[in-house]
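Q: only geometry, no sequence info:
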């Protein structure tokens, strides 16, 4: 497929400087950018068919982790927000299982799309992962599976929903709850969220919508799937420098293998 067959470039003219500037401004203002119906219906149907066809190869795991995605810190009690554990559970298909002719790969590799993402996010360069697993992933969440509260290590994430469940799986977030660059972790704010004293925002996401999210300082989660319809999400990942691999420990944890 050509990029024009995958993305609705009439509605979202990503090659036009004025459109890119508006998207850049919105991402900086809100910390999130949603381009509804970015993926054309035919391409979305092809992506869904591909994701369903390879679902039996997905690596499923359940993990306990802190919201900071850091190892336990013995200088704080176990119930402290720094150490408090939440649960994430999902399945994952890796880049090497994405077909060469997949519309997901065509979109990921398209120069006009990469240039748009680079401009909107303010990156000087964007490169694929050097390892064979990490550039394009498909995530699956069956009934009861969720993504626990956390801050991202990366400055931004690119996703689009392929299949929406019938209930649950809400993307919830609080913008700028910490300032990682200054070292302000805001334990009190995180603790209030974990205790249920703070109500998060909910981001409305529909299949085919492209989402750019700055999650390094904005805590977020995906609530448990409350239906028998699997949530299917595509994740596109780039690096600011060439030759970067996801660490072996991370690959083993998230994918169950190194290559």
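A: Nice, I can see it. Predicted model, so just to flag it, every value in this text is computed and none were measured. Numbers count the residues shown, from 1 in each chain.
Q: number of residues surrounding residue 146?
A: Neighbourhood size, residue 146 [other C-beta atoms under 10 Å]: 22. Bear in mind the C-beta positions are built from the backbone N, C-alpha and C, glycine included.
Q: phi, psi of it?
A: Main-chain torsions, residue 146, degrees, to the nearest 10: phi -150, psi 170.
Q: who's in contact with the residue lying closest to it once chain neighbours are set aside?
A: Of all residues not flanking residue 146 in the chain, residue 224 sits nearest, at 4.2 Å (C-beta to C-beta, 6 or more residues apart in numbering). By C-beta atoms under 8 Å, 6 or more residues apart in numbering, the contact list for residue 224 reads 143, 144, 145, 146, 168, 169.
Q: give me the pLDDT value at residue 224.
A: In this model, residue 224 is scored at 98, pLDDT.
Q: and the contacts of residue 224, which of them are buried?
A: 145, 146, 168, 169 (16 or more other C-beta atoms under 10 Å).
Q: could you find the closest non-adjacent residue to the third one?
A: Read that as residue 168. Leaving out its chain neighbours, residue 168 is closest to residue 226 (C-beta to C-beta, 6+ apart), at 3.1 Å.
Q: contacting residues for that neighbour?
A: Contacts of residue 226 by C-beta under 8 Å, 6+ apart are 143, 165, 166, 167, 168, 169.
Q: on that earlier part again, check the gap between the residue nearest to residue 146 and residue 172 for me.
A: Look at residue 224 and residue 172: by C-beta to C-beta, to the nearest Å, they are 11 Å apart.
Q: next one: residue 78
A: 24 Å.
Q: more neighbours, the two?
A: Neighbour count, other C-beta under 10 Å: between residue 78 and residue 172, residue 172 has more, with 17 against 11.
Q: which outside residues touch the helix or strand the more buried one falls within?
A: In the assignment (DSSP states H and E), residue 172 maps to strand 171-174. Strand 171-174 has contacts (C-beta under 8 Å, 6+ apart) with 32, 189, 193, 198, 200-203, 205, 213, 215, 218-223.
Q: now swap in stretch 211-218 and tell me
A: With contact meaning C-beta under 8 Å, 6+ apart, stretch 211-218 is reached by 23, 27, 31-35, 117, 120-121, 151-161, 173-180, 203, 205, 220.
Q: is it possible to mark the buried ones in these?
A: Buried residues within the contacts of stretch 211-218, counting neighbours by 16+ other C-beta under 10 Å: 23, 27, 31-35, 117, 120-121, 151-152, 156-161, 173-175, 177-178, 203, 205, 220.
Q: among the residues you listed, which are located in strands?
A: 32-35, 157-161, 173-174, 203, 220 (DSSP state E).
Q: can you list those residues in a markdown table and add distance to residue 126?
A: Listed next are these as a markdown table, based on distance: C-beta to C-beta, whole Å:
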| residue | distance to residue 126 |
| --- | --- |
| 32 | 19 |
| 33 | 16 |
| 34 | 20 |
| 35 | 17 |
| 157 | 13 |
| 158 | 10 |
| 159 | 16 |
| 160 | 17 |
| 161 | 22 |
| 173 | 24 |
| 174 | 27 |
| 203 | 23 |
| 220 | 22 |
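Q: list phi and psi for residue 109.
A: phi -80, psi -10.
Q: could you pull out the strands for the stretch 101-250 of the chain?
A: 136-141, 147-150, 157-163, 171-174, 201-203, 210-213, 219-222, 231-236 (DSSP state E, counting those that start in this stretch).
Q: so which of these is nearest residue 246?
A: strand 136-141 (10.4 Å; C-beta to C-beta).
Q: can you list the strands that that closest one pairs with?
A: strand 85-93 (antiparallel), strand 231-236 (antiparallel) (DSSP bridges).
Q: this completes my enquiry, with thanks.
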